[in-house]
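Participant: from the sequence below, what's the structure:
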Amino acid sequence: DLRVVLCSTIGTATTPAPAWSGDIEFWKLNAEAFLSTSGVSSTIIVKPCGLVDTPGHNSTLLVGHNDEFMKDKSRITISRDDVARVMAEAVVMEDSSNQHYRFDLCSKPGKSTEDL
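Facilitator: Sure, this is the predicted structure:
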């Protein structure tokens, strides 16, 4: 079965989009909608918070929906390494045929999340 994992962005469920972001949320939301209706049997849309260049494996990962983390400014970043780890796991995870996931991914200081 075909599986597609897409890296989008947090903020696609919030209107109006923040002024600093231009129209990127609009285009990423269009990509999410296209993938969701494409007929691909397994889709996973990861919507990370603001990406930072810090090493991965140094924080607790948080999963949310509908941009809920945008309300808490202390949880609006995540390491690029951690996003890559989650996306790589999404590619190889078992028993996800005919499944569709879409979630926000942020982090907070704390013990590293290892059970992806």
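Participant: so what's Ala17 closest to, chain neighbours aside?
Facilitator: Glu25 (4.4 Å; Cβ to Cβ, 6 or more residues apart in numbering). For every residue, glycine as well, the C-beta is placed using N, CA and C.
Participant: the one you found should be in a helix, yeah?
Facilitator: Yes. Under DSSP: H, G, I helix; E, B strand; the rest coil, Glu25 falls within a helix.
Participant: so what's the residue count around it?
Facilitator: For Glu25, the number of neighbouring residues by other Cβ atoms under 10 Å comes to 21.
Participant: how much space between it and Ala13?
Facilitator: Distance from Glu25 to Ala13, counting by Cβ to Cβ, to the nearest Å: 9 Å.
Participant: given the longest strand along the chain, what are its sheet partners and their directions?
Facilitator: Scanning the chain for the strand with the most residues, using DSSP state E, yields strand 100-109. Strand 100-109 sits in its sheet next to strand 42-48 (parallel), strand 59-64 (antiparallel), going by DSSP bridges.
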